[in-house]
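Colleague: How does the following fold in three dimensions:
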Amino acid sequence: MAANDMSAANATLDAYGAQRSKGLGVRVVMSSYIGSTVEWFDFFIYSIASASVFNVLFFPELGKTGGTLVAFATIAIGYLIRPLGGMIYGHFGDLVGRKQMLISSIVLMGVATMLVGLMPTYAQIGLGAPLILMALRLLQGLAVAGEWGGGLLMTLEHARPGTRGLWSCVIGMGQCTGLLLATAAFGLVSLLPEAQLLSWGWRLPFLAAVLLIAIGLWMRLGISESPVFLEQKKKDAQCERAPIPLVQVLKTQWRQVLQAALMVSGPFVISALISPFSIAYSVQSGFARTTALNAATAAALCQVIGMLIGGWLSDKVGRRPVFMVAAVLMTTNFAALLHLATLHDGGMLALGFALAGLAHGLMFGPLGAFITELFTTSTRFTGASLGYQLAGALGGGFTPLIAGSLLAAGGGVPHGQYVIAFGGLFCLVSFVVAFKSRETYREDLNAVGNASGA
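Modeller: Coordinates of the predicted model:
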């Protein structure tokens with residue numbers, strides 16, 4: 001009887017442990033999703049404001065077209081700093097822990113975004129205004145670099161076997177939701193009369209970040225460190241000299257970094273082409289700003305759906321086939337978006353954004369798991385973040401400026417053929433790199449990355 005009682009007690013404890021583990025996993029997923037949403041809301045609200053009002057507020061002497069191009073150039077600053085942010089956050093994330101880096105990144109993003117909403121304009125302090133704006137954009141870039149790697153690894157390394165692709169989608173879903181909220185928020189303030197929008201209305205979405213940051217910070221303080229990272233730290237403690245993450249990545253895993261950067265370049269370029277470029281393209285085509293922003297909201301919603309489908313499928317059939325099919329769809333759907341934007345029909349514009357958003361979500365669905373599985377646990381934060389943020393700097397940072405220049409070279413709206421070719425080229429690069437990459441979706445997380453990256 002005693003043995004039976006002991007067995008029953010052990011079964012109860014096991015059931016309790018499994019339930020507690022499941023509850024912890026849900027909290028980790030929700031924490032990563034909400035934190036990612038908050039940080040990307042802050043990051044994207046700047047991009048949308050650049051496409052809508054920053055040309056007037058901070059670069060008025062350059063005219064409408066020149067001011068818009070320079071405003072787009074300030075977007076690039078936030079992307080260019082991200083490789084440095086990826087190295088800093090990645091190195092310390094692999095050295096001291098994922099959780100601490102996540103907390104510091106959300107605080108930095110919140111402070112920088114709030115200060116953008118409080119800062120004076122060019123009319124008030126002259127040249128100092130755009131300089132301060134660019135400095136705050138640099139801080140945003142550093143913060144979001146830490147967010148992507150930390151949030152992704154916390155979910156990936158807590159995930160059960162066979163669910164890594166789906167679980168890791170929450171970071172991309174947070175990115176899409178952040179874009180959705182940022183677009184919706186700026187759409188609401190854009191309903192204000194022009195004078196009020198330019199006077200104080202544009203500041204409201206930036207100041208609202210304070211409340212969102214508080215929610216995200218509360219969620220993150222309540223989660224535990226990655227179990228895979230803690231296991232790796234036990235192994236490192238047994239070594240006479242623990243590896244230095246950044247040095248190890250640059251010396252022995254630079255091929256995987258390059259591989260990850262090239263694979264991510266296509267999705268990053270297309271992301272910037274959907275927003276903010278296609279928003280500005282639609283406005284120049286004759287749509288009201290609110291109509292274009294509402295259509296972009298449809299794209300963000302469809303991206304979230306695409307993420308879930310892509311991540312789930314990648315756990316069933318593999319990362320490579322899902323990503324490659326999505327790259328082909330992305331090229332065709334972006335071309336359809338620019339065409340539909342010239343038909344002067346709001347429904348067709350929303351359809352174009354929705355199709356582009358769905359394909360983009362399918363690309364991003366397997367992407368987080370795909371590139372992080374190229375690296376070992378001791379260098380995963382550093383390697384994946386560096387590769388991803390290099391793609392962000394090169395692919396996402398300059399894309400609005402390049403696309404605007406290509407559009408002008410082609411004759412302006414509705415002649416977007418050069419921009420379509422530009423986006424298609426980067427999708428082709430991503431397709432080829434994925435095709436030559438090894439499949440990792442069935443590998444053990446503690447073992448992946450030990451093989452060759454390609």
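Colleague: All the helices of the stretch 301-450 of the chain, residue numbers only.
Modeller: With helices called from DSSP state H, counting those that start in this stretch, the stretch 301-450 of the chain shows them at 319-340, 346-364, 367-372, 380-391, 399-409, 417-436.
Colleague: So what touches the helix or strand containing residue 91?
Modeller: According to DSSP states H and E, residue 91 maps onto helix 82-95. With contact meaning Cβ atoms under 8 Å, 6 or more residues apart in numbering, helix 82-95 is reached by 100-101, 105, 141-146, 148-150, 153, 229, 244-246, 249, 378-386, 388-390, 392-393, 397. In short, each C-beta sits where N, CA and C put it, glycine included.
Colleague: how about a cut-off of 7 Å?
Modeller: 101, 105, 141-142, 144-146, 149-150, 245-246, 378-382, 385-386, 388-390, 392-393 (Cβ atoms under 7 Å, 6 or more residues apart in numbering).
Colleague: Could you do stretch 205-223 as well?
Modeller: For stretch 205-223, contacts defined as Cβ under 7 Å, 6+ apart pick out 27-28, 30-31, 34-35, 38, 41-42, 45, 99, 102-103, 106-107, 110, 113-114, 116-117, 182, 185-186, 189.
Colleague: Could I get the full set of helices for the stretch 51-200 of the chain?
Modeller: Applying DSSP H, counting those that start in this stretch to the stretch 51-200 of the chain gives helices spanning 54-58, 63-80, 82-95, 98-118, 122-125, 128-156, 164-189, 194-196.
Colleague: ok, residue 218 - how many residues close by?
Modeller: By other Cβ atoms under 10 Å, 11 other residues sit near residue 218.
Colleague: Can you tell me the SS state at it?
Modeller: helix (DSSP: H, G, I helix; E, B strand; the rest coil).
Colleague: Lowest average confidence across helices and strands of this structure, where is it?
Modeller: The weakest-scoring helix or strand in the chain, judged by mean pLDDT, DSSP states H and E, is helix 2-52 (a mean of 63).
Colleague: Nearest to residue 403 among the helices of the stretch 51-200 of the chain would be which one?
Modeller: Proximity to residue 403, assessed across the helices of the stretch 51-200 of the chain by Cβ to Cβ, is greatest for helix 63-80 (8.7 Å).
Colleague: so where's the stretch 51-200 of the chain uncertain?
Modeller: Applying pLDDT under 70 to the stretch 51-200 of the chain flags the ranges 51, 60-69, 72.
Colleague: What of the stretch 251-400 of the chain?
Modeller: Ranges of the stretch 251-400 of the chain meeting pLDDT under 70: 396-397.
Colleague: change it to 80
Modeller: The model of the stretch 251-400 of the chain has pLDDT under 80 over residues 275-276, 392-398, 400.
Colleague: how much space is there between residue 335 and residue 262?
Modeller: Per Cβ to Cβ, to the nearest Å, residue 335 is found 22 Å from residue 262.
Colleague: These two: who's more crowded?
Modeller: Higher neighbour count among residue 335 and residue 262: residue 262, with 22 against 19, using other Cβ under 10 Å.
Colleague: still on that earlier bit, what angle do the helix holding residue 91 and helix 98-118 make?
Modeller: Here the directions of helix 82-95 and helix 98-118 differ by 150 degrees (axes from the mean of the first three to the mean of the last three Cα atoms, to 10 degrees).
Colleague: Pull out the buried residues from helix 82-95.
Modeller: 82-95 (16 or more other Cβ atoms under 10 Å).
Colleague: Out of those residues, which two are the most distant from each other?
Modeller: 82 and 95 (19.6 Å).
Colleague: how close does the spatially closest residue to residue 43 that is not a sequence neighbour sit to residue 368?
Modeller: Using Cβ to Cβ, 6 or more residues apart in numbering and skipping the chain neighbours, the partner closest in space to residue 43 is residue 144 (4.8 Å). Using Cβ to Cβ, residue 144 is found at 14 Å from residue 368.
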